[in-house]
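Undergrad: Please find the sequence and the predicted model below.
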Amino acid sequence: MAGRIEDYALIGDMQTAALVCRDGTVDWLCLPRFDSHAIFAGLLGTGEHGFWRIGPAYAPGAEPPTAARRTYRGDSLILESEWDTPRGTVRVIDFMPPRDGAPQLIRIVEGVSGRVPMRSELRMRFSYGRVVPWVHKQEGRTVAVAGPDSVWFDTEAETYGKALTTYADFTVAPGDRIAFTISWEPSHKEPPGLPEPEQSLEATEHFWREWVEHCTYHGPYREAVVRSLITLKALTYAPTGGIVAAPTTSLPEDIGGVRNWDYRYTWLRDAAITLSSLLRTGYREEARAWREWLLRAVAGDPENLQIMYGIAGERELGEAELDWLPGYENSSPVRVGNGAAHQLQLDVYGEVTEALHLGHMTGLARSDYASVLQLKLIRYLEDHWQEPDEGIWEVRGPRRHFVHSKVMAWVAVDRTIKLIESGDADGPLERWKQLRDDIHRDVCEKGYDKERNTFTQSYGSQELDASLLLIPQMGFLPPDDKRVIGTIEAIQRELSTSDGFILRYPTEGGSEGVDGLPGDEGAFLACSFWMADDLAMIGRVDEARRLFEKLLSLRNDLGLLAEEWDPRLQRQVGNFPQAFSHVPLIDTALRLTASGAYGG
């Protein structure tokens, strides 16, 4: 059985990622890309669907022992897990070197004290656990082949096969280091070169140390900010600059429910806010690469902007269900692909334009095509901003006039006006100033409930929505506007959980509500960070700090966050780790640091 979501660590090479549990089991790995088929899918099923465990040997029928300690080595993505056993202490070092050739997952076992019996259990199952590969020896190496894929297993330890699993039993003493590596290669090509684990470890540590040195944030929350930045970097697909929302699919928002989605794609919204956090902390190269990805993805068809694309800019992301996988803790269906790709979400135009604007303001080299794209997006909005859409939360119910969508349409027009006024683009300035005023007036007239002194989720609705917290952050209204303060206080009253975190919107107690889905969900972590931001903006800085530090306490022992927090079960839920949680963590830390609102 898979561990709790927060029991997992992330390792990756900026092209794919693996999740490693506290007991030393890799339960999730897709090769060669984030969105490829998994060769270890035990996370969404059982051990029969693929895993790789390295840890102290244990008795048949017993549970594998969990590590007593684990940490990342400094500011890196190198995981170190330590077990204390009756016979001594052992360390396992897990990492994926930034790729220069075949993708590799390297695991080095190091003896610390005593003599510890160890075991490696490698069960590869291709196509999300459905296909048992042909495993055989070739020139002294173990290779697993199925269709277009081959995975090569290299180690100095003696291995043997049993029950369609490759084992190695060995003992480590102080100073012993025994390495295990798997490498992927298309099955029709020559074998990948022999791995060099120790050199790769040194190079990987150097890569991360050098990358973190570019961080310009040195405030009191540096540890949390740097770990979030490393996580965002790990979710970036290096060859193209695309940024995945998370490296997993179908980790449930509601344990045992149907709210299970594939997040291994590039949402324009998530990627745009990720870009803004990277820019504000000194990472221009990632911002430039994402802008180039955006221009390629949208090229030729900006009027039909999708809300998400594949990591190389692919448009077709058809959704399917994998009925042979029972799902994480029986949360089914397991989905791959995402049918929301062709939804209309007008807010995306605002997020993309805001990201391009921030890049321009922070000195990112000018791109004429980026300016042309921005103007084309506004011309589309000019004709379509009054239409209903599916909104930021990708509801699968009827389209509505979501207030957040209209606000972000205003943002898109406002930032484009600023671009024209700066002299870096030409456009119908007066006409678009009128358009900006029209959208603003429309929102304030139709999306605001005067009696309750709050903006609402959609025109004419009574429900609230945590996305309304972005109104002051986007500059739509100033923080001291009574309508802003009223909205913040209404969301605190009506969308707070018992422990003070924020829900996205009401889910109707398990019945189908605005999102067209049964079941409930946890507190949405991004929304809770937004609340901390807003509280700081309206002068309630001590309250903001307390909420922020309470949110930091939800991170797992390695500083990672999923999408949501289930207040009933007191555990993380949703895909993991989630860019949309780590980005607002960074943003709130920056705001609180600027305001001096932090504890001693």
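TA: Received, thanks. Keep in mind it's a predicted model, so treat the numbers as computed, not measured. Numbers count the residues shown, from 1 in each chain.
Undergrad: those strands in the stretch 201-350 of the chain, which residues are they?
TA: Here the stretch 201-350 of the chain has its strands, by DSSP state E, counting those that start in this stretch, at 236-237, 242-243, 266-267, 308-309, 320-321, 335-336.
Undergrad: go on, the stretch 501-600 of the chain?
TA: 523-524, 564-566, 571-573.
Undergrad: And those: which comes nearest Pro326?
TA: strand 571-573 (17.1 Å; CB to CB). All C-beta spots, glycine's among them, are computed from the backbone N, C-alpha and C.
Undergrad: Run me through the strand neighbours of that closest one, direction for each.
TA: strand 564-566 (antiparallel) (DSSP bridges).
Undergrad: mind checking pLDDT for Ile307?
TA: On the pLDDT scale, Ile307 is placed at 88.
Undergrad: give the contact list for it.
TA: Trp267, Leu268, Arg269, Ala340, Ala341, Gln343, Gln345, Val348, Glu394 (CB atoms under 8 Å, 6 or more residues apart in numbering).
Undergrad: Contact partners for the fourth one?
TA: By that I understand Ala340. Counting by CB under 8 Å, 6+ apart, Ala340 touches Trp261, Ile307, Met308, Glu390, Glu394, Arg396.
Undergrad: From Phe576, how far out is the first one?
TA: Distance of Trp261 to Phe576, computed by CB to CB, to the nearest Å: 13 Å.
Undergrad: Quote the end-to-end distance of stretch 249-260.
TA: The first residue of stretch 249-260 is 7 Å away from its last residue (CA to CA, to the nearest Å).
Undergrad: List the buried residues of that stretch.
TA: Thr249, Ser250, Leu251, Pro252, Glu253, Asp254, Ile255, Gly257, Val258, Arg259, Asn260 (16 or more other CB atoms under 10 Å).
Undergrad: Mean neighbour count and distance to Tyr459 added to the strands of the stretch 201-350 of the chain, as TSV?
TA: Listed next are these as TSV, based on neighbours: other CB atoms under 10 Å; distance: least, CB to CB, whole Å:
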stretch	mean neighbour count	distance to Tyr459
strand 236-237	24	37
strand 242-243	26	32
strand 266-267	30	25
strand 308-309	26	26
strand 320-321	14	34
strand 335-336	19	31
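Undergrad: Adding distance to Leu419, write the ones you listed out as TSV.
TA: TSV is the format used below for the strands of the stretch 201-350 of the chain (distance: least, CB to CB, whole Å):
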stretch	distance to Leu419
strand 236-237	26
strand 242-243	23
strand 266-267	23
strand 308-309	24
strand 320-321	41
strand 335-336	38
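Undergrad: and Leu464, which of these is closest to it?
TA: For Leu464, the closest of those is strand 266-267, at 23.3 Å, according to CB to CB.
Undergrad: what's in contact with the closest one?
TA: By CB under 8 Å, 6+ apart, the list of residues contacting strand 266-267 reads Tyr237, Gly242, Ile243, Val244, Ala245, Trp293, Ala297, Ile307, Met308, Tyr309, Gly310, Ile311.
Undergrad: in the protein, which spans are helices?
TA: Taking DSSP state H, the helices of the chain run over residues 126-129, 197-212, 222-234, 268-280, 284-298, 347-361, 368-384, 403-421, 429-446, 470-473, 482-494, 525-537, 541-552, 579-595.
Undergrad: and stretch 532-545, how far from the chain's centre?
TA: 25 Å (CA atoms, centre = their mean, to the nearest Å).
Undergrad: list the buried ones in it?
TA: Applying 16+ other CB under 10 Å to stretch 532-545 flags Ala532, Asp533, Asp534, Leu535, Ala536, Met537, Ile538, Arg540, Val541, Glu543, Ala544, Arg545 as buried.
Undergrad: Using TSV, please lay out those together with distance to Arg415 and pLDDT.
TA: Below are the buried residues of stretch 532-545 laid out as TSV (distance: CB to CB, whole Å; pLDDT from 0 to 100):
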residue	distance to Arg415	pLDDT
Ala532	25	97
Asp533	19	96
Asp534	21	97
Leu535	25	97
Ala536	23	96
Met537	19	96
Ile538	24	96
Arg540	28	96
Val541	28	95
Glu543	30	96
Ala544	26	97
Arg545	30	97
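Undergrad: Tell me, how many residues neighbour Ala68?
TA: Applying other CB atoms under 10 Å, we find 12 residues neighbouring Ala68.
Undergrad: Skipping adjacent residues, who's closest to it in space?
TA: Asp84 (4.7 Å; CB to CB, 6 or more residues apart in numbering).
Undergrad: The one you found: how many residues sit nearby?
TA: 17.
Undergrad: going forward can the numbers begin at 2, since that is how I track them
TA: Right, with 2 as the first residue, what we last looked at is Asp85.
Undergrad: now it, which residues is it bridged with?
TA: Here Asp85, judged by DSSP bridges, has bridge partners Thr90.
Undergrad: What's the separation between it and Ile440?
TA: 61 Å.
Undergrad: Pro507: neighbour count?
TA: With other CB under 10 Å as criterion, Pro507 counts 17.
Undergrad: meant to ask about Glu495
TA: Other residues close to Glu495 by other CB under 10 Å number 15.
Undergrad: next one: Ala39
TA: So Ala39, with other CB under 10 Å, has 29 neighbours.
Undergrad: what does the one 3 residues further on give?
TA: Using other CB under 10 Å as the criterion, Ala42 is surrounded by 29 other residues.
Undergrad: do the same with Lys138
TA: 10.
Undergrad: cool, Arg494 as well?
TA: Close neighbours of Arg494, defined as other CB under 10 Å, add up to 11.
Undergrad: separation between it and Gly243?
TA: With CB to CB as the criterion, Arg494 and Gly243 are 39 Å apart.
Undergrad: Likewise for Ala180?
TA: 31 Å.
Undergrad: can you check Phe52 too?
TA: For Phe52, the distance to Gly243 - CB to CB - is 28 Å.
Undergrad: same deal with Asn454?
TA: Asn454 sits 42 Å away from Gly243, going by CB to CB.
Undergrad: what's the answer for Phe477, then?
TA: Counting by CB to CB, the gap from Phe477 to Gly243 is 29 Å.
Undergrad: Residue ranges in the chain under the pLDDT threshold?
TA: 301, 508-521, 598-601 (pLDDT under 70).
Undergrad: how much space between the closest residue to Ile308 other than its chain neighbours and Thr488?
TA: Leaving aside its sequence neighbours, Ile308 sits nearest to Gln346 (CB to CB, 6+ apart; 4.7 Å). According to CB to CB, Gln346 stands 21 Å off from Thr488.
Undergrad: again, but for Asn339
TA: 30 Å.
Undergrad: which of the two has more neighbours?
TA: Neighbours per residue, other CB under 10 Å: of Asn339 and Thr488, the larger number sits with Thr488, 27 against 22.
Undergrad: shouldn't the more buried one be in contact with Leu471?
TA: No. Proximity of Thr488 to Leu471 does not meet the contact threshold set by CB atoms under 8 Å, at 10.5 Å.
Undergrad: Report how many residues lie close to Ile6.
TA: Ile6 has 28 nearby residues by other CB under 10 Å.
Undergrad: tell me the contacts of it?
TA: Leu252, Tyr329, Ala563, Arg572, Gln573, Val574, Gly575, Phe577.
Undergrad: Identify, from the residues you listed, the entry nearest to Phe35.
TA: Distances from Phe35 to those, taken by CB to CB, are shortest for Phe577, at 13.4 Å.
Undergrad: thinking that closest one is in contact with Ala563, fair?
TA: Yes. With contact defined as CB under 8 Å, Phe577 counts as touching Ala563 (4.0 Å).
Undergrad: and for the two, which residues touch both?
TA: Common neighbours of Phe577 and Ala563 (CB under 8 Å, 6+ apart) are Ile6, Glu7, Leu252.
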